[in-house]
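Visitor: Provided below for reference: sequence and predicted model.
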Amino acid sequence: MVGGGTLTDLLGWRSTMGLLTLFAVVVLPLAPGLLTESRVPARARLGIRGALTVTGGLLALIYALSTAAEQGFGRPDVLVALPLGLVLLALFVRVESRTAHPLVSLRMLRRPTVAFGNLGGLVTFSMMSTIVFALTLWFQEVQHLSAFRTGLAFGVQGVLSVLAGLVAGRAVSRFGARRVLVGSLFLQGLLTLTLLGLGSGTASVWLATGAVAVASAGHLGAIVSYGVTATSGVPDAEQGLATGLVTSTQQVGLTIGVPLLGVLATTTAGGLASGVRLVVLIDACVVLAAGALIAVGLRSRRY
């Protein structure tokens, strides 16, 4: 974040896209020597129909909801995209239920640990990415911080996230994945809720910096524990499917949060500050509700 802020101040935001190329130049020559080759005796067929229906469904649904949040549900493209997305997702469920090698194992989602674990992952990824987006706008447009100073504020979040990642694994071993997942979501949700106190003074900058940093510690705890929860109790032969679900949850979560909630920050009556507070309120309620639901759904001591 600090490096990105520096590049944005010096060369503009487009220059940050070059960071990916620089990392690729470093990583690609090292990859063949560091990554060992693995082969699967029986290669499964690529699920083209499943991939097309879920990708098209999510794209249409996100486009419809984000556009509707900004310009209303009466637009013709929204009226077409919304039902189209729902139909494609329904087709995806049908396709996946009939294939021998599904992209997403619907049968596996009947396991409480898999279903509720992935729910926790979906919520923590989507809601934290939304808060980071909303606060980036708030830092720069309301508090008028430069990109570099905004990066410094989020740098605190990065440091605390690294420390939380080191502790989360030990916490799971000691207290169990369910307790860590629920506790982490509550920590993320409650600290997000404190952002409702944001104003226009310098004290609010410190509040935002500290609150999002501690909330991110909860976020990291949820990331570690949802992966453990979602793969626990799954037979060894199905661990690949369970891990695939964990990865899919992460990718979908990172995709849907900002389009669905982030647009509210800039379209709410009353200006950006009011919009950010609305996003904060919805975000915190979603995280806290998910934590409560998971606590009830996995209330058995087995989890």
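Guide: Good, I have the coordinates. Numbers count the residues shown, from 1 in each chain.
Visitor: next helix or strand past the host helix or strand of Gly169?
Guide: Following DSSP states H and E, one finds Gly169 within helix 147-175. Heading C-terminal from helix 147-175, the first helix or strand you meet, by DSSP H and E, is helix 177-193.
Visitor: before we move on, back to that, now the helix holding Gly169: buried residues?
Guide: Buried residues in helix 147-175, counted by 16 or more other CB atoms under 10 Å: 147-157, 160-161, 164, 168, 171-172. Yep, even glycine has a C-beta here, placed from its N, CA and C like the rest.
Visitor: next one: stretch 95-107
Guide: By neighbour count with 16+ other CB under 10 Å, stretch 95-107 contains the buried residues 95-96, 102-105.
Visitor: likewise stretch 280-295?
Guide: Under 16+ other CB under 10 Å, the buried positions of stretch 280-295 are 280, 282-284, 286-288, 290-291, 293-295.
Visitor: now the stretch 51-200 of the chain, which segments are flagged as low pLDDT?
Guide: The stretch 51-200 of the chain contains residues with pLDDT under 70 at 69, 105.
Visitor: Now secondary structure too, for the buried residues of stretch 95-107, in CSV please.
Guide: Formatted as CSV, the buried residues of stretch 95-107 follow (DSSP: H, G, I helix; E, B strand; the rest coil):
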residue, secondary structure
Val95, helix
Glu96, helix
Pro102, coil
Leu103, coil
Val104, coil
Ser105, coil
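Visitor: Let's have those residues in a markdown table, adding distance to Ser232.
Guide: Shown next, in a markdown table, are the buried residues of stretch 95-107 (distance: CB to CB, whole Å):
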| residue | distance to Ser232 |
| --- | --- |
| Val95 | 28 |
| Glu96 | 23 |
| Pro102 | 21 |
| Leu103 | 22 |
| Val104 | 18 |
| Ser105 | 16 |
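Visitor: if we can go back for a sec, can you put the buried residues of stretch 280-295 in CSV and add distance to Leu20, secondary structure and pLDDT?
Guide: As requested, these are exported to CSV (distance: CB to CB, whole Å; DSSP: H, G, I helix; E, B strand; the rest coil; pLDDT from 0 to 100):
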residue, distance to Leu20, secondary structure, pLDDT
Val280, 30, helix, 93
Ile282, 31, helix, 94
Asp283, 27, helix, 94
Ala284, 32, helix, 95
Val286, 30, helix, 95
Val287, 29, helix, 96
Leu288, 35, helix, 97
Ala290, 31, helix, 96
Gly291, 34, helix, 95
Leu293, 36, helix, 95
Ile294, 34, helix, 95
Ala295, 39, helix, 94
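Visitor: okay if I get those residues as JSON lines plus distance to Thr249?
Guide: Formatted as JSON lines, the buried residues of stretch 280-295 follow (distance: CB to CB, whole Å):
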{"residue": "Val280", "distance to Thr249": "23"}
{"residue": "Ile282", "distance to Thr249": "20"}
{"residue": "Asp283", "distance to Thr249": "18"}
{"residue": "Ala284", "distance to Thr249": "20"}
{"residue": "Val286", "distance to Thr249": "15"}
{"residue": "Val287", "distance to Thr249": "15"}
{"residue": "Leu288", "distance to Thr249": "19"}
{"residue": "Ala290", "distance to Thr249": "12"}
{"residue": "Gly291", "distance to Thr249": "16"}
{"residue": "Leu293", "distance to Thr249": "15"}
{"residue": "Ile294", "distance to Thr249": "13"}
{"residue": "Ala295", "distance to Thr249": "19"}
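Visitor: and which of those is nearest Leu193?
Guide: Lowest distance from Leu193 to the buried residues of stretch 280-295 (CB to CB) belongs to Ala284, with 4.1 Å.
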